[in-house]
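In: Give me coordinates for this.
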Amino acid sequence: MSKEVRIGIIAVISGLILYYGFNFLKGSDVLSRNKYYFAVYNNVGSLATSNLVKINGVPVGRVTRIDLLQTQSDKVLVEFDVREDIILGVGTVAELTSDLLGGTSIVLRVEDISKPMDSGDTLISRVDKGLEEILESARPAANNLNLVINKLDALLEEFEGIGIQLKQTISGLDTTRYYLNNTLLSTNSLVTNTSGLIGNINSRVAQLDPILGKADAMMDSIDAAALGQTLAEVKKLTEELNTL
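Out: Prediction:
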């Protein structure tokens with residue numbers, strides 16, 4: 001075998017390996033006898049080739065081709081394969097759906113498998129309510145939440161103002177307490193001085209008691225002398241009247 005023939009055989013084998021490996025990495029098994037189906041959508045969003053085709057969450061195939069149908073109002077034709085052992089009944093729906101992480105896939109809603117569809121048939125297409133629509137429906141709640149947050153911010157600002165006023169009030173109370181303490185100290189000093197003054201007055205009053213006693217005795221003696229003289233004069237006058 002010539003050198004050129006050997007190089008050609010190696011190139012063919014390398015090409016087959018490359019083709020098989022590329023399709024294997026995409027998730028397509030070129031050696032399997034999968035069945036192919038079609039679905040037409042107005043918009044496929046982020047759907048891409050090799051995205052999964054599922055039934056009840058179980059992967060049963062992959063998207064193999066996406067084409068734009070410009071002659072049919074720019075609709076999108078999606079081709080996908082399904083395992084040979086999977087039977088799709090007439091009326092099966094190919095629902096385009098997105099998960100929370102942004103991944104897009106086709107979910108098959110299988111109908112009565114007693115009436116199987118043939119490979120190459122076109123399924124009924126439907127688009128599930130995606131994440132964007134869910135967020136759109138949740139927008140009013142988000143707006144209300146923003147309104148509540150704004151009100152909470154305003155309330156917190158009012159509380160902050162009240163806190164400043166309360167702090168000022170407490171500071172005023174501290175000042176008032178300081179002055180009150182000084183007033184109480186002055187009052188205590190005044191009471192002490194008053195007590196001392198009353199003690200001095202009591203002492204002076206005690207000293208005056210003997211003097212007042214002597215004064216009373218003197219007044220008594222004075223009153224007795226005057227009374228005796230008056231009686232003597234009355235007696236003399238009486239005698240003179242008797243004589244007369």
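In: Within the sheet, what are the partner strands of the longest strand seen in the chain, with directions?
Out: Counting by DSSP state E, the longest strand found in the chain is strand 58-69. Sheet pairing of strand 58-69 (DSSP bridges) gives strand 52-55 (antiparallel), strand 75-82 (antiparallel).
In: Contacts for the first one next, please.
Out: Outside strand 52-55, the residues within contact range by CB atoms under 8 Å, 6 or more residues apart in numbering are 27, 59-63, 80-82, 86, 105-108, 110. In this view, the C-beta of every residue, glycine as well, is placed from N, C-alpha and C.
In: What of the longest one?
Out: Here strand 75-82 makes contact (CB under 8 Å, 6+ apart) with 28, 34-44, 47, 53, 60-69, 88, 94, 106, 108.
In: Any buried residues in it, and which?
Out: Buried residues in strand 75-82, counting neighbours by 16 or more other CB atoms under 10 Å, are found at Lys75, Val76, Leu77, Val78, Glu79, Phe80, Asp81, Val82.
In: How about the fifth one: what's its closest non-neighbour residue?
Out: Spelled out, it's Glu79. Spatial nearest neighbour of Glu79, chain neighbours left out: Arg65 (4.1 Å); criterion: CB to CB, 6 or more residues apart in numbering.
In: quick one: pLDDT of the one you found?
Out: pLDDT recorded at Arg65 is 92.
In: Please report the number of neighbouring residues for it.
Out: When neighbours are counted by other CB atoms under 10 Å, Arg65 registers 12.
In: now swap in the one 3 residues further on and tell me
Out: As a burial measure, the neighbour count of Leu68 was computed by other CB under 10 Å and equals 11.
In: so which helix or strand takes in the residue positioned nearest the centre of the chain?
Out: Closest residue to the average C-alpha location of the chain: Ile149 at 8.4 Å, with CA atoms, centre = their mean. Taking DSSP states H and E as the definition, Ile149 sits inside helix 139-243.
In: Scan the contacts of strand 52-55 and report the most crowded one.
Out: Ile106 (29 neighbours).
In: For the chain, which element, helix or strand, carries the lowest mean pLDDT?
Out: Lowest by mean pLDDT, DSSP states H and E among the helices and strands of the chain is helix 131-137, with a mean of 56.
In: Tell me if I'm right that Gly61 and Asn34 touch.
Out: Yes. Taking contacts as CB atoms under 8 Å, Gly61 lies within contact range of Asn34: 6.6 Å.
In: Overlap in contacts, these two.
Out: Asp81, Val82, Arg83.
In: picking that back up, drop anything exposed from the contacts of strand 75-82.
Out: Here, 16+ other CB under 10 Å leaves 28, 34-35, 37-41, 44, 47, 53, 60-64, 66, 88, 94, 106, 108 buried among those.
In: check contacts around Leu88.
Out: Contacts of Leu88 were listed using CB under 8 Å, 6+ apart, and they are Tyr37, Val82, Leu108, Val110, Glu111, Ile113, Pro116, Met117, Leu123.
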